[in-house]
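# coordinates for the following, if possible.
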Amino acid sequence: MNPQVKEYDHKWVRFLEPFAIHSDTLGRAITIPRGFVCDRESVPIIRGTSIRAGYAHDYLYRYDSDPIVTRSVADAVYFEIMAQRGNPVWRRWLKWAAVRVFGFIPFHGHSVTATYEDLAK
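This is a model prediction of the structure:
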């Protein structure tokens with residue numbers, strides 16, 4: 001099932017209903033709440049090929065996500081969900097490396113309830 005989102009533009013979306021993604025790494029589902037705003041997937045290398053993984057990763061990078069995890073755990077979940085969705089190994093490693101280097105920049109310090117206006121500046 002695909003999440004129900006409202007598109008702001010070619011990049012940003014807001015969740016219209018909660019969306020759950022299971023993670024074996026976390027041993028539970030990640031439930032992205034209604035109203036959550038993110039940029040789908042900000043890794044410029046092959047952008048848009050792992051959108052669900054990007055949703056989960058963006059959510060887990062927020063300081064008040066549930067569960068609250070470290071950056072390295074969020075990156076591991078990103079890698080895991082890319083694998084679940086059938087992304088080839090080379091793409092997973094390339095994108096994982098990109099988030100390890102640059103991943104903290106867009107969302108570090110923002111709340112799960114951050115608005116489009118907060119994030120798009």
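
# count of residues packed around the closest residue to Cys38 other than its chain neighbours?
Using CB to CB, 6 or more residues apart in numbering and skipping residues adjacent in sequence, the residue nearest Cys38 is Asp58, 3.9 Å away. Every C-beta, even on glycine, is put in place using the N, C-alpha and C of the backbone. By the criterion of other CB atoms under 10 Å, Asp58 has 26 neighbours.

# which phi and psi does Asp58 have?
Dihedral angles of Asp58 (phi, psi; degrees, to the nearest 10) stand at phi -60, psi -40.

# look up phi and psi at the closest residue to Thr115 other than its chain neighbours.
In space, and not counting its chain neighbours, Thr115 is closest to Val37: 6.2 Å by CB to CB, 6+ apart. Dihedral angles phi and psi of Val37 (degrees, to the nearest 10) take the values phi -110, psi 130.

# what sits against Val37?
Tyr8, Trp12, Val13, Arg14, Phe15, Ala114, Thr115, Tyr116, Asp118, Leu119 (CB atoms under 8 Å, 6 or more residues apart in numbering).

# mind jotting down where the helices sit in this structure?
Taking DSSP state H, the helices of the chain run over residues 51-60, 71-84, 89-102, 104-107, 116-120.

# averaging pLDDT over each of the ones you listed, which comes out lowest?
Of all those, mean pLDDT reaches its minimum on helix 104-107 (a mean of 58).

# about what we covered before: packed most tightly, which of the helices of the chain would that be?
Highest mean neighbour count among the helices of the chain (mean count of other CB atoms under 10 Å): helix 51-60, with a mean of 24.

# just to revisit the earlier point, what's across from the residue nearest to Thr115 in the sheet?
Val37 has these beta-bridge partners by DSSP bridges: Arg14.

# what pLDDT is listed against it?
You'll see Val37 listed with a pLDDT of 95.

# measure it to Glu80 for me?
Val37 sits 23 Å away from Glu80, going by CB to CB, to the nearest Å.

# over to Arg28?
Noted for Arg28: a distance of 13 Å to Glu80, by CB to CB.

# check Val13 too.
Using CB to CB, Val13 is found at 22 Å from Glu80.
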